[in-house]
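**Q** Build me a model:
(one chain, ligands or ions: 1)
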Amino acid sequence: MEQISCAKVFDGEHRQYQHQSSELHCQMRFAVYLPPAALEAEKNGDTVPVLYWLSGLTCTDENFMQKAGAFRVAAELGIAIVAPDTSPRGEGVPDDENGAYDFGLGAGFYLNATQAPWSTHYHMYDYIVDELPELIEENLPISSVKSISGHSMGGHGALTIGLKNQSAYCSISAFSPICNPMNCPWGQKAFGLYLGNNQADWQAYDASVLLAKEKANLPILVDQGDADNFLVEQLKPQALVEAAQQSGSDIILRMQPGYDHSYYFIQSFIEDHLRFHAESLV
Ligand SMILES: N[C@@H](CCC(=O)N[C@@H](CSC=O)C(=O)NCC(=O)O)C(=O)O
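**A** Residues are numbered from 1 along each chain as shown. As a prediction, this is how the structure comes out:
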């Protein structure tokens, strides 16, 4: 992998890297925040734990890193943060035929597409679960002790990836996640095109279906603004709460009065999420 930027921040470093992805068959960029403890660890061949952050529709590796205001607390806690892109990119990667923001480029939905023409490149699930952590752990002072978080489409990604790989992650959190994609327009469009029309195949990527079926054995925190324009039609946190009740899982869902869907909301509560993950990242 090739380093393409570096900036000092809160005595740590924000870096961007690019690499050729074998899962996505294209060049990918990701960002990492290395807290001061990681820079020390880098000198001694040691490692620090990490939070993988999955962003939402239209995002790249930059949105969270530039807008969330996470670095001061990550530096204090000694947690690295990795923010990948949200879809495969580049020439030859197909996009929504109308250039819509909710499908194709910037909208990989953290699944493995099975349908042509998407199935060649759109393997974000395997990229996040396997390829990216392997690359990170091999090349950076970052350990396999990891948690996962995300926003909106990325909240859906964090919940589904965390729930399907409970032994690989220490904790899960999400801001404004798409909780029941099988039952909302964003999810139905993406799942229909990426996975085909058999809704039985969609269940493997629906957090509420997964949580209803199997009790979660790791801590889960969800924050949702009650002034979020997407709340009723797209996000449906109540489905996640009902699923948790069905399987007897403990989840913390905090409805936050007056907050919308934006990174202003994320910036307001990211400290809570980092401290929540720090308790499990040991
Ligand atoms: N442009 C669209 C909405 C796009 C949007 O709100 N994207 C969110 C994630 S939504 C769910 O995954 C986002 O994080 N945007 C980037 C940012 O930096 O804010 C519309 O107009 O409706």
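
**Q** give me the element Ile81 is part of.
**A** strand 80-84 (DSSP states H and E).

**Q** same check, this time on Ser208
**A** Going by DSSP H and E, Ser208 is part of helix 207-213.

**Q** what packs against that helix?
**A** helix 153-164, helix 237-247 (3 or more Cβ pairs under 8 Å, 6 or more residues apart in numbering; DSSP states H and E). C-beta: built from backbone N, CA, C; applies to glycine.

**Q** Out of the ones you listed, which gets nearest to the ligand?
**A** helix 153-164 (3.5 Å; Cβ to the nearest ligand atom).

**Q** CA-only coordinates of the closest one in CSV, if you can.
**A** What follows is helix 153-164, C-alpha atoms only, in CSV (Å, rounded to 0.1, in the frame of the first residue of the first chain):
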residue,chain,number,x,y,z
MET,A,153,-25.7,3.1,5.4
GLY,A,154,-22.5,2.7,7.4
GLY,A,155,-24.5,2.1,10.6
HIS,A,156,-26.2,-0.7,8.7
GLY,A,157,-22.8,-2.0,7.7
ALA,A,158,-21.5,-1.8,11.3
LEU,A,159,-24.5,-3.6,12.7
THR,A,160,-24.6,-6.4,10.1
ILE,A,161,-20.8,-6.9,10.0
GLY,A,162,-20.5,-6.8,13.8
LEU,A,163,-23.5,-9.2,14.3
LYS,A,164,-22.3,-11.7,11.7
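
**Q** mean confidence score for it?
**A** Averaging pLDDT along helix 153-164 gives 98.

**Q** when you give positions from now on, start the count at 547
**A** Fine by me, first position is 547 from now on; the one you just mentioned is helix 699-710.

**Q** Run the angle between the following helix or strand past it and helix 783-793 for me.
**A** Downstream of helix 699-710, the next assigned helix or strand under DSSP H and E is strand 715-721. Here the directions of strand 715-721 and helix 783-793 differ by 150 degrees (axes from the mean of the first three to the mean of the last three Cα atoms, to 10 degrees).

**Q** Endpoints of stretch 607-619, how far apart?
**A** 19 Å (Cα to Cα, to the nearest Å).

**Q** Mind checking the pLDDT average for it?
**A** 98.

**Q** Determine if any part of that stretch is in contact with the ligand.
**A** Yes: judged by Cβ under 6 Å from any ligand atom, stretch 607-619 comes into contact with the ligand through 609, 613.

**Q** ok so, going back, most tightly surrounded among the helices and strands packed on helix 753-759?
**A** Of the helices and strands packed on helix 753-759, the one with the most neighbours on average (mean count of other Cβ atoms under 10 Å) is helix 699-710, at a mean of 28.

**Q** which other helices and strands contact that helix?
**A** Partner elements for helix 699-710 (3+ Cβ pairs under 8 Å, 6+ apart): strand 594-600, strand 688-697, strand 715-721, helix 753-759, strand 766-771.

**Q** so the second one versus strand 715-721, what angle?
**A** Here the directions of strand 688-697 and strand 715-721 differ by 20 degrees (the same axes, to 10 degrees).

**Q** excluding its backbone neighbours, what's nearest the residue of the stretch 647-796 of the chain found nearest the ligand?
**A** Nearest residue of the stretch 647-796 of the chain to the ligand (Cβ to the nearest ligand atom) works out as Ser698 at 2.8 Å. Excluding the flanking residues, the one nearest Ser698 by Cβ to Cβ, 6 or more residues apart in numbering is Gly602, at 3.4 Å.

**Q** how much space is there between the residue found closest to Gly615 once you drop the neighbours it is linked to in the chain and Ala736?
**A** Spatial nearest neighbour of Gly615, chain neighbours left out: Gln813 (4.5 Å); criterion: Cβ to Cβ, 6+ apart. Distance, Gln813 to Ala736, by Cβ to Cβ, to the nearest Å: 27 Å.
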